[in-house]
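# Got a sequence here, can you build the structure:
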Amino acid sequence: MYNKLNPNAVGLYNHSTGEKILTSLNKLLTIKIRICGICVLYLYRNQTHILMNHFNLTKGFRELRKHGYWSKQNHTCCQTCGWSEVPEGKEDKVVFYHQQDNEDKVRHQPFYLCWSGDGHEITRILNECGVQTDWDGSESKRIRVECW
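Residues are numbered from 1 along each chain as shown. Presented below is the predicted three-dimensional model:
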């Protein structure tokens, strides 16, 4: 799955095997990730936080699903369509962001999550997975994902 890497970098794992790929981000870093023998990504040190945030967010959404939440990333075009496509019976525990939110995410700006359920549990799970959130505790407010 990967070719060249710096063995001194921190926190990057091959999610299919659980193997630690990197252990320190202090040195200049170039990683080639290969899928089917074709180089699809070059990653340089100044981009590592972007990849780490993506992995942490994916891990957070996986953990939310383990806690019974219906969770989707980059789900539908907007909030209205997103809520309309939540499966029947799952409306009480939902976390997603839609394509309009994803536009902020890909520009490395904070973005917001649509949610229902226990906001404190959602933010705790995401924070434990390394995703920084900002939420005032109000059920009428969306959860903001910071430091993207």
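# Quick check, Tyr97 in contact with His75.
Yes - using CB atoms under 8 Å, Tyr97 makes contact with His75 at a distance of 6.9 Å. Placement of C-beta: from N, CA and C, glycine included.
# who has more neighbours, these two?
Neighbours per residue, other CB atoms under 10 Å: of Tyr97 and His75, the larger number sits with Tyr97, 27 against 23.
# worst-scoring helix or strand of this structure, pLDDT-wise?
When the helices and strands of the chain are scored by mean pLDDT, DSSP states H and E, strand 38-44 comes last with a mean of 44.
# need the next SSE after that strand, C-terminal direction.
Per DSSP states H and E, the first helix or strand lying C-terminal to strand 38-44 is helix 48-66.
# Mind giving me the packing neighbours of that following helix?
Contact here means 3 or more CB pairs under 8 Å, 6 or more residues apart in numbering; DSSP states H and E; on that basis helix 48-66 packs against strand 12-13, strand 70-72, helix 119-128.
# Mind doing that once more with 7 Å?
strand 70-72, helix 119-128 (3 or more CB pairs under 7 Å, 6 or more residues apart in numbering; DSSP states H and E).
# List the buried residues in the shortest one.
Translated: strand 70-72. Across strand 70-72, burial judged by 16 or more other CB atoms under 10 Å covers 70-72.
# Closest to Leu64 out of these?
Nearest to Leu64, judged by CB to CB, of the buried residues of strand 70-72 is Ser71 at 4.4 Å.
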